[in-house]
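In: sharing a model prediction with you, sequence too.
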Amino acid sequence: QVQLVESGGGLVQAGDSLRLSCAASGRTLSRFSMGWFRQAPGKEREFVGGVSRTGTRTSYADSVKGRFTISRDNAKNTVYLQMNGLKPEDTAVYYCAADQDSTLVVYTTTVRYEYWGQGTQVTVSS
């Protein structure tokens, strides 16, 4: 079991930046590939980005490429999502998730991830 807790969300204006954190407890985060997902009201949860266990591979949704960056600090058992150039369409609840089975591949589907945080709200005003 691993417990995930997101933080860092908030209300910002278009063009601003935020950094989300996902802190893990219960197990060493280095055993997991990690993903960030988001869910806007009335929409399905969608993949934002992910990082492999060692951090050597990352993957991003087209909608956030060049604006969002995922990193991980396994020593701190934490994964980060740096979000720059935020847009109103980025407004959503953001979730981090852990995939215990993959090593190098970053999967983009929710079913691959066994553990989820409770989410943190990001609201971007125009």
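Out: Great, that's in hand.
In: would you point out which residue is most central in this protein?
Out: Centroid-nearest residue in the chain: residue 36, 2.2 Å away (criterion: C-alpha atoms, centre = their mean).
In: those strands in this structure, which residues are they?
Out: Per DSSP state E, the chain carries strands over the ranges 3-7, 10-13, 18-25, 33-39, 46-51, 58-60, 68-73, 78-83, 92-99, 115-116, 120-125.
In: now render these as a markdown table, adding mean pLDDT.
Out: Compiled in a markdown table, the strands of the chain are given as follows (pLDDT from 0 to 100):
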| stretch | mean pLDDT |
| --- | --- |
| strand 3-7 | 97 |
| strand 10-13 | 98 |
| strand 18-25 | 97 |
| strand 33-39 | 97 |
| strand 46-51 | 97 |
| strand 58-60 | 96 |
| strand 68-73 | 96 |
| strand 78-83 | 97 |
| strand 92-99 | 97 |
| strand 115-116 | 97 |
| strand 120-125 | 98 |
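In: so which of those strands is nearest residue 105?
Out: Distance to residue 105, taken as C-beta to C-beta, is lowest for strand 33-39 among the strands of the chain, at 7.3 Å. In this view, the C-beta of every residue, glycine as well, is placed from N, C-alpha and C.
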